[in-house]
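Enquirer: With the input below, show me the fold.
(one chain, ligands or ions: 1)
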Amino acid sequence: MYKKILYLFAAAALVSACGQSTPGPQDRLTVNDKQIDKIIAQMTLEEKVNMLHSKTNMSSAGVERLGIADMHYADGPFGIREEGVPNGFQSAGWQLDSATYFPTGSALAATWSEDLAYQYGKGMGIEARLRGKDVILGPAVNIQRLPVGGRTYEYLSEDPILSAALSLGYTKGVQDQGTAVCIKHFAVNNQETNRGSVDAQVDERTLREIYLKPFERAIIEGGAMSVMPAYNKVNGDYCSENEHLLNEILRGEWGFKGFTVSDWGGTHSTMGAMLHGLNVQMTGDNYLGQPVIDSIATGALTEQMVNDKVKQILRVRYAIEAIPDDVANTQMTSQPECQQIAKAVAEKSIVLLKNESGILPLAGGVKKIAVIGQNAVLKTQSGGMGAGVKALYEVTPLEGIRKRAGAGVEVLYAPGYKNFPGRRWGPAPAVKNPLEADAIDEPADKKLLAEAVKLAKQADIVIFFGGTNKSIETEGSDRTNIDLPVGQNEVVKALYAANKNLVTVLISGGPTDLRQLEPVSPAIVQGWWNGTEGGTALAEVLFGDIAPSGKLPFTFPAKLEDSPAFALGNFPDKTQGGDLFTLMYREDVLKMSPEERQAFIDALPKPVSKYTEGSLVGYRWFDTKNVKPMYAFGHGLSYVNFGYGEMSASADQNAVKVSFELANEGGMDADEVVQLYVARPGATVEWPAKELKAFARVSLKAGEKKTVTLEIPVKDLRYWNVSKNAWDLEHGTLQLLLGAASDDIRQQATVSI
Ligand code: BGC
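Expert: A predicted model of the protein is given here:
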């Protein structure tokens with residue numbers, strides 16, 4: 001049984017173990033250190049080492065004899081994952097483990113709201129505890145470097161400031177519920193291609209300013225208690241044994257006091273992991289099990305090293321009150337309070353990309369709606385690998401529209417195109433599903449197309465649902481392009497020819513190529529994979545019950561080749577490296593002896609990903625190189641106009657501040673996300689054309705005006721000076737660009753810092 005007496009994690013005891021005068025959130029983890037040392041002194045070496053690797057697929061061991069509970073993990077990041085069998089991911093067949101499916105990462109990011117991220121984290125934390133989970137494997141906060149990235153939908157944004165704010169909100173929300181986050185994947189995990197072996201070669205300044213930012217805030221300001229090193233290498237070393245990332249930066253500079261957990265199958269050696277910052281091998285014990293004991297016997301490692309690692313784990317163990325077995329899983333995981341949070345996030349995430357002649361919201365007189373496209377009925381809770389959720393319920397777009405339309409409006413539906421179900425595992429089904437395509441680029445199905453056009457002709461308005469699915473955008477592989485799949489362009493063109501009153505809704509996690517669709521879509525909505533209440537929220541926006549207020553967290557390039565890593569030929573790298581995570585499950589590899597396996601791995605090609613675009617990620621590239629995107633970062637329309645009053649700006653040694661009046665000039669309540677970018681005319685240091693530095697979501701009643709103040713802490717204006725190996729500030733002129741999107745700047749001012 002867990003010994004409550006050890007649960008000393010109280011605000012009153014908030015004294016820094018390092019003797020700093022102002023302890024930060026990480027220091028809350030050290031309040032039990034003295035007691036922890038005494039407990040460690042009672043443990044055998046075997047008991048200690050037993051804590052350094054998996055016990056089951058989703059737990060690592062405590063010490064029953066001493067009342068130390070096991071540590072239970074759950075994926076993450078947008079719903080507590082279905083319970084699996086002890087030694088794998090297969091379903092355990094439980095009845096009470098249906099969870100709330102929260103909007104996926106890029107949808108959360110489209111809210112541009114740290115508060116909503118906090119609520120989201122809170123919902124995840126509540127449901128984790130109901131399931132007896134101590135650690136959520138999330139948030140997933142890597143920068144969306146590639147439009148094709150398999151995990152773009154899981155990650156937040158292409159921008160570090162936006163990602164960091166959401167990462168912080170999520171972390172605090174989870175941890176305030178007494179559950180730990182395991183923020184992932186640390187670091188520079190921006191592609192799935194060769195993810196288990198690729199070496200991300202990134203310069204130090206870019207690493208600090210772009211790729212580490214979302215982690216840094218969650219660790220330092222949010223007190224994130226655990227961290228998952230990524231599968232890939234960074235500058236030569238695997239993340240799970242990367243001295244620079246784990247020991248120098250995470251523990252050294254950021255003061256991290258908790259523990260690290262390798263990604264599943266992402267531990268690579270005993271010595272590397274022990275010396276360079278890993279605490280727990282997930283899964284398996286071939287590196288951090290008996291070999292640790294053997295290495296201590298030979299003198300290669302010391303027992304003190306093990307003690308230090310155990311201490312870091314126990315700090316979290318005692319900060320998180322263990323949930324007794326007879327208390328966990330006594331009620332359904334999904335809770336109404338959390339479903340409401342999922343709905344609130346979905347409502348604020350939907351992005352109105354285009355709205356010609358005010359075709360949206362749907363006019364009151366609409367009596368017949370043709371909903372076309374399988375993405376209107378596909379459930380999106382599962383798929384995409386680890387981040388799938390067994391949702392208690394999921395309102396699809398079609399269900400949401402039907403419910404909202406009510407009795408007086410006829411809602412017709414046709415699939416329009418075949419669904420591409422992704423790579424097949426095992427033999428093809430005996431009876432082919434007529435609604436499934438064999439190939440992603442299969443042309444439109446003539447019969448489905450004709451049926452859809454027939455409905456379109458009869459309707460007052462057509463709502464076309466396009467986009468991708470979670471077999472196309474998924475962990476484990478990147479897309480080969482961003483084209484709309486399965487002949488969708490052909491379908492939408494035919495629909496438009498039949499009925500000019502057409503709205504397109506894109507259901508996807510990442511950007512798609514809209515060059516063909518855009519000219520035949522008077523209105524375009526980015527609808528995301530939007531969780532349990534996604535269909536409800538979408539219908540509210542389409543019917544104008546609420547005004548859309550999401551803004552793009554990433555750039556929609558006109559064409560893939562315009563985006564930086566592609567333009568520079570940095571991606572894709574043609575080397576076939578072999579994904580070690582996948583190798584872990586390959587029967588021939590599993591049968592090898594440890595020595596044979598190592599030799600096999602050593603002989604694999606060594607793929608590389610060069611980050612020569614530096615900090616010119618996403619809009620930073622498009623702006624600096626004057627490349628016009630299809631839709632710019634930060635873009636998103638409303639049903640009302642917002643007036644931006646004159647901006648006043650000031651700067652002192654702590655912060656740059658701007659104030660202005662924002663007016664809702666429309667006839668309905670609406671939110672606007674205001675964005676403050678910074679340019680540096682005359683700087684000697686190289687900078688992107690402009691960078692986001694502050695933003696706020698502002699709610700305004702119809703006709704209301706508010707004074708909005710945005711603040712940029714001066715420390716956020718620094719750059720990483722490689723010659724000093726430190727943050728540095730270049731004094732000079734700052735141009736402040738205030739706007740509604742990165743390409744819609746409404747006010748400008750200059751200040752000196
Ligand atoms: C993923 C992690 C996930 C883990 C456990 C890995 O494949 O990269 O994000 O938390 O599996 O499911």
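Enquirer: need the contact list for the most centrally placed residue in the chain.
Expert: Centroid-nearest residue in the chain, with C-alpha atoms, centre = their mean: residue 155, separated by 2.3 Å. Counting by C-beta atoms under 8 Å, 6 or more residues apart in numbering, residue 155 touches 105-106, 140-144, 149, 163. Placement of C-beta: from N, CA and C, glycine included.
Enquirer: Export the residues you listed as CSV, with columns for secondary structure and distance to the ligand.
Expert: Shown next, in CSV, are the contacts of residue 155 (DSSP: H, G, I helix; E, B strand; the rest coil; distance: C-beta to the nearest ligand atom, whole Å):
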residue, secondary structure, distance to the ligand
105, helix, 12
106, helix, 16
140, strand, 6
141, coil, 11
142, coil, 10
143, coil, 16
144, coil, 15
149, coil, 13
163, helix, 16
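Enquirer: Tell me if I am right that the residue nearest to the centre of the chain is in a helix.
Expert: No - read with DSSP: H, G, I helix; E, B strand; the rest coil, residue 155 is coil and lies in no helix.
Enquirer: how about the nearest residue to the residue in the stretch 351-500 of the chain that the ligand sits nearest to, chain neighbours excluded?
Expert: Nearest residue of the stretch 351-500 of the chain to the ligand: residue 386, at 3.7 Å (C-beta to the nearest ligand atom). Spatial nearest neighbour of residue 386, excluding adjacent residues (C-beta to C-beta, 6 or more residues apart in numbering): residue 75 at 5.0 Å.
Enquirer: Look up how far the ligand lies from residue 80.
Expert: Applying C-beta to the nearest ligand atom, to the nearest Å, the value for residue 80 to the ligand is 12 Å.
Enquirer: actually residue 59, not the one I wrote
Expert: 12 Å.
Enquirer: Count the neighbours of that residue for me.
Expert: Neighbour count of residue 59, defined by other C-beta atoms under 10 Å: 19.
Enquirer: One more: residue 692?
Expert: Neighbours of residue 692 under the rule other C-beta under 10 Å: 21.
Enquirer: Wasn't it part of a strand?
Expert: Yes - Residue 692: assigned to a strand according to three-state DSSP.
Enquirer: about what we covered before: doesn't residue 137 make contact with the residue nearest to residue 386?
Expert: Yes - counting by C-beta atoms under 8 Å, residue 137 is a contact partner of residue 75 at 4.8 Å.
Enquirer: Find residues that contact each of the two.
Expert: Joint contacts of residue 75 and residue 137 (C-beta under 8 Å, 6+ apart) are residue 386.
Enquirer: Contacts only, for the residue nearest to residue 716 when sequence neighbours are not counted.
Expert: Nearest in space to residue 716, with sequence neighbours left out and distances taken as C-beta to C-beta, 6+ apart, is residue 693 at 6.1 Å. For residue 693, the contacting residues are 161, 676-678, 712, 716-717, by C-beta under 8 Å, 6+ apart.
Enquirer: So which helix or strand of the protein has the lowest pLDDT on average?
Expert: In the chain, no helix or strand scores lower on mean pLDDT, DSSP states H and E than helix 580-583, which sits at a mean of 68.
Enquirer: Could you pull out the buried residues of whichever helix or strand comes after that helix?
Expert: The helix or strand immediately downstream of helix 580-583 is helix 587-590, counting by DSSP states H and E. Going by neighbour count (16 or more other C-beta atoms under 10 Å), the buried part of helix 587-590 is residue 589.
Enquirer: who's in contact with helix 587-590?
Expert: Residues outside helix 587-590 that contact it (C-beta under 8 Å, 6+ apart): 583-584, 597, 600.
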